[in-house]
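# predicted model and sequence follow; I will ask about them next.
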Amino acid sequence: MAACGDGTDAEFDALVVATTAPDWLIERAGDATTTFEVSERSYNLSARNVGLPARIRFADGDEVFEAFFDIEMGLGPDFNANSCTSCHVNNGRQQFPVETGTVGIGPVVHVSAPGAAVDEAPFDLPGFGTRLQTATVDGSQPEARVEVAWETIEGTYPDGTPYELRRPVVSAVGLAGDLPADAQLSLRIPPQVAGPGLLEYVPAEDIVAAADPDDADGDGISGTVNYVGDGRIGRHGWKADTPDLVHQSASALAEDIGIGTSLIPVNGAIELSDEELADLAFYVEALAIPAGRDVEDPEVIRGANLFTAIGCADCHTPTQRTGTTQYAELDNLLLIPFTDLLLHDMGPGLDDGRSVYGASGSEWRTAPLWGIGLLDTVNGHTPLLHDGRARSIEEAILWHGGEAQHVTDAFMSLSAEDRTALLRFVASR
């Protein structure tokens with residue numbers, strides 16, 4: 001890990017970084033799957049290198065993803081949205097940023113009983129499941145009404161530059177039944193869809209090898225694997241609480257749309273076949289990865305080197321590689337996702353009080369960064385972190401605490417010019 005010292009102004013004003021680009025600063029973030037599309041469709045295209053059989057299956061999965069379910073198709077009886085694309089607009093995030101007031105379509109609120117042990121499943125609230133449902137098919141009272149307000153926090157960089165952060169205050173009122181006052185509530189925004197698919201194929205042994213749960217190397221970082229359910233490695237979701245995209249898709253279908261599968265029936269019903277579920281998961285797996293941009297720009301190069309120098313790359317690992325997949329075109333690809341797929345303690349500021357398998361309330365999976373700079377192009381807004389509290393990359397960095405506190409301190413101690421370069425680099429992904 002790069003030495004960060006005590007984070008004093010003098011140290012980082014004099015920080016010297018390489019002027020040549022790191023070998024991972026390349027355009028093809030998804031290897032041969034990469035798309036160079038820069039538009040609302042940046043997250044929508046199939047992997048550029050797959051052949052006709054995979055493209056046909058991709059189209060079949062897209063049909064499920066784009067479907068608007070109704071009562072005849074199994075919608076409900078409680079739900080948050082009636083399609084995948086309602087929450088993942090243009091395969092990105094919700095249509096609108098989360099503002100003060102009633103939570104609409106897109107964000108969801110995860111809920112669980114208070115005081116649940118970290119490693120005890122299920123992680124739900126009896127009578128409510130794992131998500132609060134805000135709509136019904138027959139117009140009756142839904143499970144709950146969810147409201148969000150925002151608290152602002154003001155701060156100042158060591159050089160005197162002011163900044164403002166915000167955090168959500170979530171409240172819910174049970175409408176169809178009493179919601180315990182001490183229920184654990186956690187606002188979650190939908191992640192972009194382009195990206196998780198190829199991470200499905202990072203070999204488990206590579207993820208395990210990167211873990212350091214006891215911080216044996218003494219660098220202050222203790223990334224851990226979240227073993228879920230039957231002992232498989234969790235790699236998807238904000239807390240790495242799902243082992244694969246079939247299970248993640250089944251969970252979203254059941255909890256958010258009310259569509260049952262053989263993995264998770266809804267009220268005993270199975271409304272989507274195993275083949276359709278598998279095609280839906282493959283659709284996500286075979287999405288093209290957006291290319292990095294401006295890789296020859298001197299400011300982006302400096303930002304990339306600063307990203308490594310102050311320690312960001314110690315968790316946002318630049319490279320991964322796929323193993324054996326369903327289609328040869330996706331085998332052994334060099335990926336540039338900027339994640340180690342591990343859990344890290346992000347400190348009290350991001351603690352939602354809700355544990356899932358091995359993840360405590362303050363532990364979160366390292367979020368991939370590929371495609372992050374296109375969020376505004378795709379969705380018209382840039383909500384970051386699990387609850388959308390960060391309105392910019394800068395705000396997201398400033399919320400990093402716990403194992404990442406020394407990196408945040410280092411970022412704050414950079415000169416304004418170097419902070420701009422680092423942010424420019426991340427936005428080029």
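That came through fine. Remember, it's a predicted structure, so these values are computed and weren't measured experimentally.
# pLDDT weak spots in the stretch 151-300 of the chain?
Within the stretch 151-300 of the chain, the set of residues satisfying pLDDT under 70 is empty.
# quick one: the strands in it, in order.
162-174, 184-188, 226-228, 232-234 (DSSP state E, counting those that start in this stretch).
# and the helix ranked longest in the chain, how far out from the chain's middle?
Looking across the chain with DSSP state H, the single longest helix is helix 52-66. Once both centres are worked out by C-alpha atoms, centre = their mean, to the nearest Å, helix 52-66 turns out to sit 23 Å from its chain's centre.
# what is the subsequent helix or strand relative to it?
Counting by DSSP states H and E, the next helix or strand C-terminal to helix 52-66 is strand 78-79.
# partners of that following strand in the sheet?
strand 135-136 (antiparallel) (DSSP bridges).
# helices of the stretch 101-250 of the chain, residue ranges please.
Using DSSP state H, counting those that start in this stretch, the helices of the stretch 101-250 of the chain run over 196-199, 204-210, 245-252.
# what's the last one packed up against?
Okay, so that is helix 245-252. Counting contacts by 3 or more C-beta pairs under 8 Å, 6 or more residues apart in numbering; DSSP states H and E, helix 245-252 packs against helix 196-199, helix 274-285. (C-beta placed from N, C-alpha, C; glycine too.)
# please identify the most buried of the ones you listed.
helix 196-199 (a mean of 23; mean count of other C-beta atoms under 10 Å).
# and it, what does it pack against?
So helix 196-199, by 3+ C-beta pairs under 8 Å, 6+ apart, packs with helix 245-252, helix 274-285.
# what about 10 Å?
Judged by 3 or more C-beta pairs under 10 Å, 6 or more residues apart in numbering; DSSP states H and E, helix 196-199 is in contact with helix 245-252, helix 274-285, strand 320-321.
# can you redo the ones you listed as a markdown table with distance to residue 24?
Shown next, in a markdown table, are these (distance: least, C-beta to C-beta, whole Å):
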| stretch | distance to residue 24 |
| --- | --- |
| helix 245-252 | 25 |
| helix 274-285 | 22 |
| strand 320-321 | 11 |
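# select, out of those, the one closest to residue 195.
Set against residue 195 and scored by C-beta to C-beta, these come closest in helix 274-285, at 8.9 Å.
# need the helices and strands packed on helix 245-252 in CSV with distance to residue 212, can you?
Shown next, in CSV, are these (distance: least, C-beta to C-beta, whole Å):
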stretch, distance to residue 212
helix 196-199, 20
helix 274-285, 28
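# and residue 204, how far from residue 265?
When C-beta to C-beta, to the nearest Å is the yardstick, residue 204 and residue 265 sit 28 Å from each other.
# please report the number of neighbouring residues for the closest residue to residue 109 other than its chain neighbours.
Leaving aside its chain neighbours, residue 109 sits nearest to residue 132 (4.7 Å; criterion: C-beta to C-beta, 6 or more residues apart in numbering). Using other C-beta atoms under 10 Å, residue 132 has 27 other residues around it.
# now the phi/psi pair for residue 132, please.
Residue 132 adopts backbone torsions of phi -80, psi 130, taken as degrees, to the nearest 10.
# please apply the same query to residue 293.
Residue torsions, per degrees, to the nearest 10, at residue 293 are phi -130, psi 160.
# skipping its backbone neighbours, what lies nearest it in space?
Nearest one to residue 293, counting by C-beta to C-beta, 6+ apart, is residue 428 at 4.9 Å.
# dump the residue contacts of the one you found.
25, 27, 291-295, 297, 299-300, 303-304, 372-373 (C-beta atoms under 10 Å, 6 or more residues apart in numbering).
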